[in-house]
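Novice: Pasting a predicted model and its sequence here:
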Amino acid sequence: MAEHSSPAAAGTAVTVSALRHRYADQLVLDGIDFHLEAGQVLALLGPSGCGKTTLLKLLAGLLPLAAGHGSIDFGARRVAGDGRFLPPEARGLGMVFQDYALWPHMTVGGNVAFALEMRGLPRKQCAPRVAEALAVVGLQGYEQRNPSSLSGGQQQRVALARAIAARPQVLLFDEPLSNLDRDLRDSLCHDIGALLRAMGTTAVYVTHDQEEAFALADRVAVMRGGRIRQLAAPAELLGEPADSGIAEFLQLGTLLPGDAVPHAWHGRGLAPRCDQTAQRLLIPQSALTLHAGGGGLPGEVLGQRYRNGRYHTAVRAAGAPAGLTLLTDQPLRPGQAIELGFDWQRLRWLPHAA
Ligand SMILES: Nc1ncnc2c1ncn2[C@@H]1O[C@H](COP(=O)(O)OP(=O)(O)OP(=O)(O)O)[C@@H](O)[C@H]1O
């Protein structure tokens, strides 16, 4: 994407308080609270059905907020709650959806201009704004093209141009890359991240792809069962997951039940279990290495799988249940005896997921 100066206005803070939502008698959001500073990017990450899209729709004004079900503020403006409800077009939003949602009967330029015309911008002023937004997403000169003549990645760039052309204060993304193949996803994800940082627009980005969330967002809210279970910067989530459910969802490593942890490990440097609520031991993949030179824990190779330039190696450590994963550059054969190095400082006792 082009290294352009921002066509968008700087973002506004977003505050969500005690938000709840019901579909008929099913409570799908239950007590959502967060505050995003202006210009921050929040990823909503969680398994299918946890309520990500519902939360995004409430932020967008695409769903009504029932009385007594919390509030949403954009800066000092209450956009929903306490009897107030601003429709989407009055919230200063841009939205990008999974299915691009471009008008097929309009040109690329027409699609981008549409958002501006809807806001009452005189036609004459639209053309330079359209050109500017298309340039930012790397589609300079595409105004006259038909959306159907573009690739999926290019169509999503048009949708992005349309979202930023109106200079929104808040950008909302609902799984915008999930229809694209992996390589295109990676490059567009990188471009969207760079664009958001350059624009300073506040953004909320729904995804179930952890890599996408961690690449783009300043903060990540991990959701489960209609609640935010942890909201933190990516590094904090990786290093200090709040419970075993989060560690499991983020696939941070092996989780051993407390009573399966070999007794001998305590003597080796494992911090003792600090309280009764700490029930499972997380052994992050990053804590486990192939040890050379004696003094490591004896282990055995169970199998290997090559992925992303490394061998994901299933190993069994002596006295412990199977299921540890070691990342290594070395090919190893099943049954091979090895020694394992543990970085005991990285092991964590975690409470069970609530
Ligand atoms: N219009 C609707 N009417 C009734 N129930 C709904 C409606 N939309 C969503 N739901 C239900 O609400 C819950 C949350 O759905 P939501 O789409 O917000 O989850 P999600 O985390 O975005 O899931 P996904 O990743 O699969 O899109 C699910 O149980 C879903 O079946």
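Specialist: Sure thing, it's come through.

Novice: if I pick the closest residue to Phe97 other than its chain neighbours, what's in contact with it?
Specialist: Spatial nearest neighbour of Phe97, excluding adjacent residues (CB to CB, 6 or more residues apart in numbering): Asp174 at 5.1 Å. Yep, even glycine has a C-beta here, placed from its N, CA and C like the rest. When contacts are counted by CB atoms under 8 Å, 6 or more residues apart in numbering, Asp174 touches Thr53, Leu56, Met95, Val96, Phe97, Gln98, Val206.

Novice: what's the closest non-adjacent residue to the residue nearest to the spatial centre of the chain?
Specialist: The centroid of the chain falls nearest to Ala213 when counting by CA atoms, centre = their mean (2.4 Å). Of all residues not flanking Ala213 in the chain, Ala43 sits nearest, at 3.6 Å (CB to CB, 6+ apart).

Novice: what do you get for Arg316?
Specialist: Going by CB to CB, 6+ apart, Arg316 has Ala322 as its nearest residue, at 4.6 Å.

Novice: could you list every residue that touches whatever residue of the stretch 101-250 of the chain ends up closest to the ligand?
Specialist: In the stretch 101-250 of the chain, no residue comes nearer to the ligand than His208, which is 5.1 Å away by CB to the nearest ligand atom. By CB under 8 Å, 6+ apart, His208 lies in contact with Leu45, Gly46, Pro47, Ser48, Lys52, Glu175.

Novice: what sits against the last one?
Specialist: Yep, that's Glu175 we're talking about. Contact analysis of Glu175 by CB under 8 Å, 6+ apart lists Phe97, Gln98, Val206, Thr207, His208.

Novice: Buried residues in the longest helix seen in the chain, which are they?
Specialist: Among the segments of the chain that qualify as a helix by DSSP state H, the longest is helix 182-199. Residues of helix 182-199 classed as buried under the neighbour-count rule (16 or more other CB atoms under 10 Å) are Leu184, Arg185, Leu188, Cys189, Asp191, Ile192, Gly193, Leu195, Leu196, Ala198, Met199.

Novice: What is that helix packed up against?
Specialist: helix 152-165, helix 210-216 (3 or more CB pairs under 8 Å, 6 or more residues apart in numbering; DSSP states H and E).

Novice: Partner strands of the very next helix or strand once past that helix and their direction?
Specialist: Downstream of helix 182-199, the first helix or strand assigned by DSSP states H and E is strand 202-207. Applying DSSP bridges, strand 202-207 is found paired with strand 41-45 (parallel), strand 170-174 (parallel).

Novice: and the residue nearest to Ala213, how many neighbours does it have?
Specialist: Neighbour count of Ala43, defined by other CB atoms under 10 Å: 26.

Novice: On the pLDDT front, check it for me.
Specialist: With respect to pLDDT, Ala43 scores 97.

Novice: who's in contact with it?
Specialist: By CB under 8 Å, 6+ apart, Ala43 lies in contact with Val204, Tyr205, Val206, Thr207, Glu212, Ala213, Phe214, Leu216, Ala217, Arg219, Val220, Ala221.

Novice: again with Ala166
Specialist: Ala166 touches Gly94, Ala115, Leu116, Arg119, counting by CB under 8 Å, 6+ apart.

Novice: May I see those arranged in a markdown table, with neighbour count as well?
Specialist: Compiled in a markdown table, the contacts of Ala166 are given as follows (neighbours: other CB atoms under 10 Å):
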| residue | neighbour count |
| --- | --- |
| Gly94 | 23 |
| Ala115 | 23 |
| Leu116 | 21 |
| Arg119 | 13 |
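
Novice: Narrow the residues you listed to those in strands?
Specialist: Of these, the ones assigned to strands by DSSP state E are Gly94.

Novice: and which of the contacts of Ala166 is nearest Gly141?
Specialist: Nearest to Gly141 among the contacts of Ala166: Leu116, at 18.5 Å, using CB to CB.

Novice: Make sure that closest one is actually in contact with Arg129.
Specialist: Yes: using CB atoms under 8 Å, Leu116 is in contact with Arg129, at 5.8 Å.

Novice: Quick check: neighbours shared by those two?
Specialist: Residues touching both Leu116 and Arg129 (CB under 8 Å, 6+ apart) are Ala165.

Novice: Quick one: name the residues of the stretch 51-200 of the chain near the ligand.
Specialist: Gly51, Lys52, Thr53, Thr54 (CB under 6 Å from any ligand atom).

Novice: and those, which are buried?
Specialist: Buried among these by 16+ other CB under 10 Å: Gly51, Lys52, Thr53, Thr54.

Novice: Reformat those as CSV; add secondary structure and pLDDT.
Specialist: Formatted as CSV, the entries for these read as follows, by DSSP: H, G, I helix; E, B strand; the rest coil; pLDDT from 0 to 100:
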residue, secondary structure, pLDDT
Gly51, coil, 96
Lys52, helix, 96
Thr53, helix, 95
Thr54, helix, 97
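
Novice: Please consider this matter closed, and thank you.
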